[in-house]
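**Q** could you look at this predicted model? Sequence included:
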Amino acid sequence: MIDDGRNSQEQIEGGLVRVKSSIVKQALSLDDIWLSQPSLWQSLSWDKPQLKLWLICQPNIILEDNGQGDESSLFKTNTASTEAQPNIGEEIAKVLQGIGKPMPLARLKNKLPAGMLATEPMLKSAISKHPHLALTGPLVRIV
């Protein structure tokens, strides 16, 4: 028997991926995005401001405001290359190598280079993806 909760979650995730893919193909207004997936927004119980917030929070998606109000503003893919953005995992590794010992995750966030903003979940994700970093309890260490 299929788990409806898991199936529903997969449908929602697939819908969100489709939304992001459509923005990669062409810039879209909030109305265009809203009207393209009405059942998805209903499943999530989202209204337009929630959709706009989610889109603004997505990496590599930017809101291009042309000064004529929200209706004419477009969401598009950030054309700046991802290589230009610093790799959080590499920056964490540099900090730990410089200090020479494990460091609590909470303190590590303050040791990142100026201008690099990262939330705790972003740090945890970067640590788990980096081949030479590990999170052991509250401490981040080089392995």
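**A** Looks like it came in fine. Everything numeric here is computed off the predicted structure, so don't read it as measured data.

**Q** so what does the helix or strand bottoming out on mean pLDDT in the chain touch, helix or strand wise?
**A** Lowest by mean pLDDT, DSSP states H and E among the helices and strands of the chain is helix 4-25, with a mean of 82. If contacts are counted by 3 or more CB pairs under 8 Å, 6 or more residues apart in numbering; DSSP states H and E, helix 4-25 sits against helix 30-36, helix 38-44, strand 74-77. Glycine gets a C-beta too; all of them are placed from N, C-alpha and C.

**Q** winner for burial among the ones you listed?
**A** strand 74-77 (a mean of 18; mean count of other CB atoms under 10 Å).

**Q** that strand pairs with which strands, and in what direction?
**A** strand 28-29 (antiparallel), strand 61-64 (antiparallel) (DSSP bridges).

**Q** for the protein, which spans come out with low pLDDT?
**A** 1-7, 66-72, 79-86 (pLDDT under 70).

**Q** how's it carved up into domains?
**A** 4-77, 86-142 (automatic domain parsing).

**Q** tell me how many other residues crowd Ser45.
**A** Residues contacting Ser45 under the criterion other CB atoms under 10 Å number 7.

**Q** and Gly98, by the same measure?
**A** Count around Gly98 with other CB under 10 Å applied: 8.

**Q** send me the helix or strand where it lies as PDB with only the CA atoms.
**A** Using DSSP states H and E, Gly98 sits in helix 88-99. Coordinates of each C-alpha in helix 88-99 appear next as PDB, following Å, rounded to 0.1, in the frame of the first residue of the first chain:
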ATOM      1  CA  ILE A  88      30.800  27.600   3.000                       C
ATOM      2  CA  GLY A  89      32.400  24.200   3.500                       C
ATOM      3  CA  GLU A  90      35.800  25.400   2.300                       C
ATOM      4  CA  GLU A  91      35.600  28.500   4.400                       C
ATOM      5  CA  ILE A  92      34.700  26.400   7.500                       C
ATOM      6  CA  ALA A  93      37.700  24.200   6.800                       C
ATOM      7  CA  LYS A  94      40.000  27.300   6.500                       C
ATOM      8  CA  VAL A  95      38.800  28.600   9.800                       C
ATOM      9  CA  LEU A  96      39.300  25.300  11.600                       C
ATOM     10  CA  GLN A  97      42.800  24.800  10.000                       C
ATOM     11  CA  GLY A  98      43.800  28.300  11.200                       C
ATOM     12  CA  ILE A  99      42.600  27.600  14.700                       C
END
